[in-house]
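A.B. asks: Make a model of this:
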Amino acid sequence: MPHPRILLAGGVGLIAVLVTIIVTSDGSGPAAGKDRPGATVGQQDRAADRPVRATLTLERTQLEPDEEELIVSLPNERLNTLQTTRGATSVLLTCVDEDGRVSVRQRHPWPLVVEAGYPPHIHQPATPELLDSLRRCRLTGRGIAFVGSVR
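C.D. replies: Have a look, this model is predicted:
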């Protein structure tokens, strides 16, 4: 039977090696991230916080002689889900004019309206003067950051 001092020294040495491995580990092992191999837990959290980005299409539509509206469309129909907004049921449409001033700030239901033959979209009433001055619109909310510009 080995001497107790040898067993004790071997145990202490093994513990020292394990502590060194744990302390110097960069967290990139298999347990670091579930979705992205090699990602640490902190990187997973930051990736989940990044919004989905997409381009919007902005169109002006005449309703009546002095009534118009802005149609804000999301060409990528696959993004029009509650999963994209992490369960949020509304989004914020913000539009700015040529001077960068906010001219539209309106909450809309999510997912967007789907009509046969058209991509998901928003009908935003607007005056002809407001539509003449529009330059950019953003659709923001939990998990999304969509942007569109007037040509």
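
A.B. asks: separation between the nearest residue to Leu93 once chain neighbours are set aside and Cys137?
C.D. replies: Nearest residue to Leu93, sequence neighbours excluded (Cβ to Cβ, 6 or more residues apart in numbering): Gln106, at 5.1 Å. Every C-beta, even on glycine, is put in place using the N, C-alpha and C of the backbone. Plainly put, Gln106 is 10 Å away from Cys137 if you go by Cβ to Cβ, to the nearest Å.

A.B. asks: Can you verify Glu129 is assigned to a helix?
C.D. replies: Yes: checked against DSSP: H, G, I helix; E, B strand; the rest coil, Glu129 lies within a helix.

A.B. asks: about what we covered before: ok, the residue nearest to Leu93 - how many residues close by?
C.D. replies: A count of nearby residues for Gln106, using other Cβ atoms under 10 Å, gives 12.

A.B. asks: contacting residues around it?
C.D. replies: Contact analysis of Gln106 by Cβ atoms under 8 Å, 6 or more residues apart in numbering lists Leu92, Leu93, Gln124.

A.B. asks: Overlap of the contact sets of Gln106 and Cys137?
C.D. replies: Jointly contacting Gln106 and Cys137 under the rule Cβ under 8 Å, 6+ apart are Leu93.

A.B. asks: quick one, helices of this structure?
C.D. replies: Here the chain has its helices, by DSSP state H, at 4-24, 41-49, 128-133.
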